[in-house]
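Novice: Give me coordinates for this.
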Amino acid sequence: MGATFSLYGRRKDTERYALIYNDLRGNPMARFKHEVYGYVLDKLHVDMKSLYLYNGYTRLARAQIPAGTHYLELDFYNRDYAQQWDAAEEQLDGVHVEIPWLYRHFAHSWNHIASDADTKRVYQRIYLK
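Specialist: Here you go, the predicted structure:
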């Protein structure tokens, strides 16, 4: 089980963890990035309050929008995984190439904000008038 990458979510209604994908293929961070973009754009996982990337029993990344805020916070297990997030493009389920599928929509709606923690990435929602 140690080499299996999985995507989990935490449900808004019950606070329980739910398995979304059991065995991510291709680049797991690129798949996580696509799922996070879809989540914050309200296109995927709308019943979840946070998403998690696991490798076996180890949580590599968490994405959440804390209640009452306009921020996306990503927490990574270590600096290497944060840098993998920075370098990854998106990857869709069943398509093992990295393409910027939702990135353009994400970039128009969210701005990256500097964080003093090297294992954290923060984005702020942009509200257009």
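
Novice: Check the offset of the least confident helix or strand in the chain by mean pLDDT from the chain's centre.
Specialist: For the chain, counting by mean pLDDT, DSSP states H and E, helix 103-109 ranks last in confidence among helices and strands (a mean of 95). Averaging C-alpha positions (Cα atoms, centre = their mean, to the nearest Å) puts helix 103-109 14 Å from its chain's average.

Novice: Buried residues in the helix or strand following that helix, which are they?
Specialist: Using DSSP states H and E, the helix or strand that follows helix 103-109 in sequence is strand 110-113. Going by neighbour count (16 or more other Cβ atoms under 10 Å), the buried part of strand 110-113 is Trp110. Yep, even glycine has a C-beta here, placed from its N, CA and C like the rest.

Novice: Need the residues that contact strand 110-113.
Specialist: The contact list for strand 110-113 (Cβ atoms under 8 Å, 6 or more residues apart in numbering) reads Val40, Tyr71, Leu72, Arg121, Val122, Tyr123, Gln124, Arg125, Ile126.

Novice: can you pull the buried residues of the least confident helix or strand of the chain?
Specialist: Neighbour-count burial for helix 103-109 flags Phe106, Ser109 (criterion: 16+ other Cβ under 10 Å).
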